[in-house]
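>>> Please find the sequence and the predicted model below.
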Amino acid sequence: MKFTYQGRAFLSNGLRFIACSPNSQTHTTAASKYLNDPQRGWIRFIRTITNQIIQRHREEEAACPLRPPNPPLKFRSTNTSHNPRSFLEAEERKRPSSTFDFHLLDQYSSSTLNLLKRSINNPNMVQRVSSYRSNYTRVDSSFLHRLMTDPTITIKPADKNLGMVIVDTTWYKQEMKQMLGQKKTYERITMPSTKKLKVNNKQVSFTLPHLAEHLQETLQSIIDNYGSTIENLYTYGDKIKTYLTSHVTPGNCVVPYIYLLIKVHKSSGLSGRPIVPSHSWMTASASVVVDHMLQDIVKQAEIPWLTIDTKSLINDLEQSPLPCTDGVFVTADIASLYTNIDTKMGLELVNAFLTERKVQLLQHCCIMELLTFVMNNSYLAYEDALYHQIDGTAMGTSCAPIYANIVVYMLERPIIEEFKKRKLYIYRRYLDDIYSNMDASIVSEFQHRMNTLHEKLKFEFVVSPTEASFLDLYIYKGNRFKDNGIVDLKCHQKKMNLYLYIPWHSAHPIAAKKSFIQTELMRYIRNSSDRAAYLNTKQQFFQRLRDRGYRIKFLEEIFNSIHYADRCYFLCSSSTLLAHPDLIRQPPLSLCLIKKIKRLRQERDRQIINTSALSPLSPPVFIIPYTPLSHLLPTRTLLTECWFYLNATIRCGIPKPIIAYQSMTSLMKMLVFQRARRMEKHRKSATVPRKHIQSSLSSFLLPKPAAHASQRSIQSVHSGHSTRNSQSSR
C-alpha cells in the first residue's frame with residue numbers, strides 16, 4: 001500500500017489522535033448527552049447527589065460509625081436501563097421522606113436544569129457549535145476510509161508503546177498460524193468435538209454454551225466452598241462473591257479473540273507478541289480477585305529485590321551506594337516470559353510460596369482453586385477456530401503479572417541468595433527485566449546459572465562496565481558515582497521512539513494537554529540525578545512539542561512553573577510529602593507542588609476538625625463527552641451558580657462538583673479495534689460458514705448487538721493489551 005505525503009502526515013498524528021468533524025447533528029447529539037443520557041450528564045449527576053443525601057440521612061438516623069473503606073475491587077454497575085424517566089422515578093422512590101433537604105435539592109435541580117437548557121439551546125451557542133472548525137480535512141477522511149476498508153493490510157499497535165504498525169495481512173496471518181501451530185502450547189478444538197462436559201450432573205457434548213455453563217458451575221462450587229472465607233477476609237466480601245458470579249455469565253461471555261502486538265524493536269526482524277484479552281471470558285472475575293489476593297501477600301512479604309515502579313527504584317538506588325567501583329552492570333530480559341511459564345510448575349511454585357508465607361489454610365486453598373481455574377481454562381479464538389491454551393500464561397488475564405512475578409521469584413531466589421555472598425552488589429527485577437551490578441569474575445557463571453532456571457526461560461543479557469538501561473532509566477557511572485559510589489541517573493530514551501505526543505490540534509481538553517506535559521516534566525526531574533542532564537532532556541522535550549504544533553506561550557507557562565530544585569519532593573509519595581523534613585525550611589517552588597501540598601493540608605485539617613462519626617462526602621462528578629458543545633459551554637459555572645441550595649443541605653453541605661470529560665473515538669479505537677471487528681464481520685459474511693462453526697462460534701465471536709456491550713468490547717480489548725504495555729512503557 002503506497003502512502004501520499006498527506007497520508008503519512010495524517011498517520012504521524014499517532015494512535016491517540018482524536019478527530020473532530022462537527023456536522024449539522026452535532027449540537028443535537030451533544031445536547032442529548034447533557035440532558036437525556038442516564039449513563040452520563042445531568043441525570044447521572046443529580047442521581048449521585050440524591051444518593052449522597054439519602055446515605056447521609058441513613059447514617060444520621062442510625063448513628064452509625066464511619067463507613068468501611070472503599071472496596072478492594074472495582075465493581076461495574078449492573079444497571080442497564082436506558083430510560084431516563086425510569087431513573088428519575090427510581091430516585092424518587094428512594095427518598096425516605098419529604099424532608100427539607102430534598103426540598104432544597106428540588107430547588108437546585110429545577111433552577112440548574114433550566115439554566116443548562118437555556119444555555120445549551122441558546123441560538124448563539126447553536127451557531128458556534130455548528131461552525132466549530134474540523135481538525136482534519138476531506139483528504140484525511142478519504143485516507144482514513146481507505147485504511148478502514150483495505151483488506152490487504154493489518155493495523156496493530158507496536159510493542160513497547162512505539163506507535164502504530166501497518167503490516168501485510170498475509171504476513172500477519174502466517175505469523176499467527178505459526179504461533180497457534182505450536183501443539184505443546186495450543187490445542188485446536190474442532191467442532192463437533194468428541195470431548196464431553198459435565199453440566200448439571202449430566203454428560204453433554206462439547207459446545208461453547210455447554211463449556212460456559214460448565215465453567216460457571218466450577219466457579220460456583222469454589223465460591224460455595226470458600227465464600228465464608230472471602231467474607232471474613234474482606235469488608236466487602238459479599239460484593240466480591242456477587243462479582244465472581246455475575247460479572248461474566250454464560251449469557252454475556254465472549255471467547256477472547258487473540259491478536260498480536262508487533263515487535264519492531266528486535267534486530268532479528270518483525271515478530272508478534274500474542275495478546276489474549278480475557279476481559280469477557282468466564283475466568284475474568286476469578287482472575288481479578290486472585291490478582292488482588294496475591295498482590296496483598298507479595299506486598300506483605302517485602303521481597304527486597306522486587307521493584308514496584310521507577311520512583312521506588314530511584315529512592316532505592318540513591319540510598320544504596322555500591323561498595324566497589326569496579327563492578328560491571330548486567331541487565332537482562334526474559335524472552336516471552338508469560339507464554340513460557342510451564343503451567344503445572346507455575347501452580348506448584350505459587351503453592352510453595354503461599355506455604356512459606358504461612359497463609360491461612362482456607363485462604364491458601366481459595367487462592368489456589370481460583371488460580372488453577374484461571375490457568376486451566378484459557379480459551380481463545382482465531383478466525384473460525386477455537387483453541388485451548390494448555391501451557392503457558394495468556395497475556396491479557398489480570399493475574400498474569402503477579403503470577404509470573406511469584407514464579408520467577410521462587411526460581412531465582414536460591415541463586416540470588418548464593419551470589420549475594422559472592423560479590424553480587426545489587427540485584428533488582430521488574431517482572432521480566434533485570435538490573436544488577438556485580439564483580440566481573442562472576443558474570444559468566446551468573447549468566448549460566450540464570451539460564452538454567454528452567455528449560456523454557458531464556459535470559460538475554462547485556463553486560464557493560466559503565467552503563468545500563470533499566471525501565472525508563474539510564475544508569476551510569478558519572479561524577480556522583482566517583483564521589484560517593486551512588487550511580488548517576490538520567491532518562492532513558494529509546495532510539496526507535498517517535499515521540500508521538502498528543503498533537504495540539506487533537507480534540508483533547510486543554511487540561512489533558514497541560515497534564516501530560518507537566519507529568520512528563522516531573523518524570524524527567526525524578527529520573528535525572530544531574531541538573532544539566534535534566535535541562536538537556538527538557539530542551540529536547542520542548543522542541544518535540546513544538547514539532548507537534550504546540551504554541552510557545554502555552555509551553556512556556558507550563559515549563560516555567562516546574563523547577564528542578566524540588567526533586568526531593570517529587571521523589572516523595574503523597575502519604576509522606578507533608579512529613580518531609582525540608583518542607584518548612586525550603587518550601588517548594590513548583591506550582592503543581594504548592595497546590596498539592598495545600599490540598600493535602602486541607603484534607604488533613606478536615607480530618608482533624610471532623611469529629612463526627614459521619615463519613616466525608618466526595619464531590620459529585622458530572623460526566624460528559626468532550627465535544628464542541630462541552631468545550632464552549634462553561635459547564636462548571638452553570639452547575640455551581642445555584643450551589644447555595646446544596647450548601648444548606650445535610651451537615652457541612654456537599655463539595656462542589658468535578659467535571660470529567662469522556663474522550664471521543666481515537667485512531668487507536670478506529671484503526672485497531674473497530675477496523676478489526678469490521679474486517680472479521682466482512683470475512684465471515686464472505687465465507688460460506690460450516691454448520692458446526694456457525695452454531696457454536698457465531699454467538700461468541702461476533703460483537704453483541706447492544707450498544708453498551710460494543711463499547712465494553714472496545715474498552716476491554718484496550719485494557720487487555722495495556723496490561724503488558726503499562727509494564728513495558730519505559
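Looks like it arrived, so ask away.
>>> the strands in the stretch 501-650 of the chain, which residues?
Chain-ordered strands for the stretch 501-650 of the chain, with DSSP state E, counting those that start in this stretch as the definition, fall at 621-625.
>>> ok, and for stretch 538-554, which residues are buried?
Neighbour counts over stretch 538-554 (16 or more other Cβ atoms under 10 Å) mark 538, 541-542, 545, 548, 550 as buried. C-beta coordinates here come from the backbone N, C-alpha and C atoms, glycine included.
>>> Among those residues, which pair sits farthest apart?
Lys538 and Arg548 (15.8 Å; Cβ to Cβ).
>>> who touches Ile189 in this structure?
With contacts defined as Cβ atoms under 8 Å, 6 or more residues apart in numbering, the neighbours of Ile189 are 195, 206, 385-388.
>>> mind redoing it with 7 Å?
386-388 (Cβ atoms under 7 Å, 6 or more residues apart in numbering).
>>> could you check the distance from it over to Tyr382?
According to Cβ to Cβ, to the nearest Å, Ile189 and Tyr382 sit 12 Å apart.
>>> what do you get for Met176?
6 Å.
>>> same thing with Val463?
Val463 sits 39 Å away from Tyr382, taking Cβ to Cβ as the criterion.
>>> wait, Met179 sits on Pro274?
Yes: when contacts are counted by Cβ atoms under 7 Å, Met179 is listed as touching Pro274 (5.9 Å).
>>> okay, the two: which has more neighbours?
When neighbours are counted by other Cβ atoms under 10 Å, Pro274 comes out ahead of the other of Met179 and Pro274, with 24 against 18.
>>> what about that one, which helix or strand?
Per DSSP states H and E: Pro274 is located in strand 271-275.
>>> Ramachandran coordinates for the closest residue to Leu500 other than its chain neighbours?
With sequence-adjacent residues excluded and distances taken as Cβ to Cβ, 6 or more residues apart in numbering, Leu500 is closest to Gly14, at 3.3 Å. Gly14 adopts backbone torsions of phi 90, psi 170, taken as degrees, to the nearest 10.
>>> returning to what we had before: more crowded one of Val463 and Tyr382?
Higher neighbour count among Val463 and Tyr382: Tyr382, with 20 against 16, using other Cβ under 10 Å.
>>> Isn't that one up against Gly181?
No: look at Tyr382 against Gly181 with Cβ under 7 Å: they stay out of range, at 11.1 Å.
>>> can you count the residues close to the residue nearest to Leu500?
Every residue meeting other Cβ under 10 Å relative to Gly14 is counted, giving 19.
>>> Which SSE is immediately downstream of the strand holding Pro274?
For strand 271-275, the succeeding helix or strand toward the C-terminus, using DSSP H and E, is helix 284-301.
>>> Please point out which parts of the helix or strand following that following helix sit buried.
Next in sequence after helix 284-301, counting helices and strands by DSSP H and E, comes helix 310-318. Burial within helix 310-318, assessed by neighbour count using 16+ other Cβ under 10 Å, is assigned to 310, 313-314, 317.
>>> and the longest helix along the chain, what does it pack onto?
Taking DSSP state H as the assignment, the helix of the chain that covers the most residues is helix 208-233. Under the contact criterion of 3 or more Cβ pairs under 7 Å, 6 or more residues apart in numbering; DSSP states H and E, helix 208-233 touches strand 193-199, helix 237-246, helix 361-375, helix 691-701.
>>> Go again with 10 Å.
strand 193-199, strand 202-206, helix 237-246, helix 284-301, helix 361-375, strand 379-382, strand 385-389, helix 691-701 (3 or more Cβ pairs under 10 Å, 6 or more residues apart in numbering; DSSP states H and E).
>>> before we move on, the earlier item: run me through the strand neighbours of the strand holding Pro274, direction for each.
In the sheet containing strand 271-275, its partner strands are strand 259-263 (antiparallel), by DSSP bridges.
>>> Buried residues of the partner strand, list them for me.
So for strand 259-263, counting by 16+ other Cβ under 10 Å, buried means 259-263.
>>> Please apply the same query to stretch 200-208.
The neighbour-count check on stretch 200-208 (16+ other Cβ under 10 Å) flags 206-208 as buried.
>>> that older thread, for the buried residues of strand 259-263, which two are the farthest from each other?
Spatially, the most separated pair among these is Tyr259 and Lys263, at 13.5 Å (Cβ to Cβ).
>>> Look up the residues that both of those two are in contact with.
272-273 (Cβ atoms under 10 Å, 6 or more residues apart in numbering).
>>> residues in contact with the closest residue to Cys592 other than its chain neighbours?
Here the nearest residue to Cys592 in space, its sequence neighbours aside, is Gln518; by Cβ to Cβ, 6+ apart that works out to 5.9 Å. Neighbouring residues of Gln518 by Cβ under 10 Å, 6+ apart: 558-559, 561-562, 590-592.
>>> go with 8 Å
Counting by Cβ under 8 Å, 6+ apart, Gln518 makes contact with 558, 561-562, 592.
>>> Same list (those) but as a markdown table, adding neighbour count.
Formatted as a markdown table, the entries for those read as follows, by neighbours: other Cβ atoms under 10 Å:
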| residue | neighbour count |
| --- | --- |
| Ile558 | 20 |
| Ser561 | 16 |
| Ile562 | 20 |
| Cys592 | 19 |
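>>> Distance-wise, check Ile426 relative to Ser436.
As it turns out, when the distance is counted by Cβ to Cβ, Ile426 lies 6 Å from Ser436.
>>> my bad, Arg636
Between Arg636 and Ser436 the distance, using Cβ to Cβ, works out to 51 Å.
>>> check which helix or strand covers Thr154.
Secondary-structure element containing Thr154, defined by DSSP H and E: strand 153-157.
>>> one step back: how far does the strand holding Pro274 sit from its chain's centre?
Taking Cα atoms, centre = their mean, to the nearest Å, one finds strand 271-275 lying 19 Å from the centre of the chain it belongs to.
>>> What about the residue lying closest to Leu545 once chain neighbours are set aside, how many residues nearby?
Using Cβ to Cβ, 6+ apart and skipping residues adjacent in sequence, the residue nearest Leu545 is Leu555, 5.8 Å away. Leu555 has 16 neighbours, counted by other Cβ under 10 Å.
>>> Phe644 now?
Here the number of neighbours of Phe644 (other Cβ under 10 Å) works out to 12.
>>> Same check on the one 4 residues further on?
With neighbours defined by other Cβ under 10 Å, the count for Ala648 comes to 13.
>>> Contacts only, for it.
Contact partners of Ala648, counting by Cβ under 8 Å, 6+ apart, are Leu104.
>>> and if you look at Thr372?
Thr372 sits next to Leu347 when contact means Cβ under 8 Å, 6+ apart.
>>> Retrieve the pLDDT associated with it.
The model reports Thr372 with a pLDDT of 95.
>>> From Arg146, how far off is it?
To Arg146, Thr372 is 48 Å away according to Cβ to Cβ.
>>> and Phe329, that one's in a strand?
Yes: when DSSP: H, G, I helix; E, B strand; the rest coil is applied, Phe329 is found to be in a strand.
>>> can you pull the pLDDT of it?
Value listed for Phe329 in the pLDDT field: 96.
>>> Equivalent analysis for Ala332, please.
As predicted, Ala332 sits at a pLDDT of 95.
>>> Could you confirm it falls within a helix?
No: in this structure, Ala332 is strand, not part of a helix, as judged by three-state DSSP.
>>> thinking again about what came up before, any idea how far the longest helix of the chain is from the chain center?
26 Å.
>>> any idea how far Phe559 is from Pro587?
For Pro587, the distance to Phe559 (Cβ to Cβ) stands at 20 Å.
>>> ugh, wrong one, Asp433
31 Å.
>>> Relative to the whole chain's centre, how far out is the one helix or strand Met176 maps to?
Assigned by DSSP H and E, Met176 falls within helix 169-180. Centroid separation between helix 169-180 and its chain, computed with Cα atoms, centre = their mean, is 28 Å.
>>> Overlap of the contact sets of Met176 and Tyr382?
Ile258.
>>> about what we covered before: the more surrounded of Pro587 and Phe559?
The neighbour comparison of Pro587 against Phe559 (other Cβ under 10 Å) goes to Phe559, with 17 against 12.
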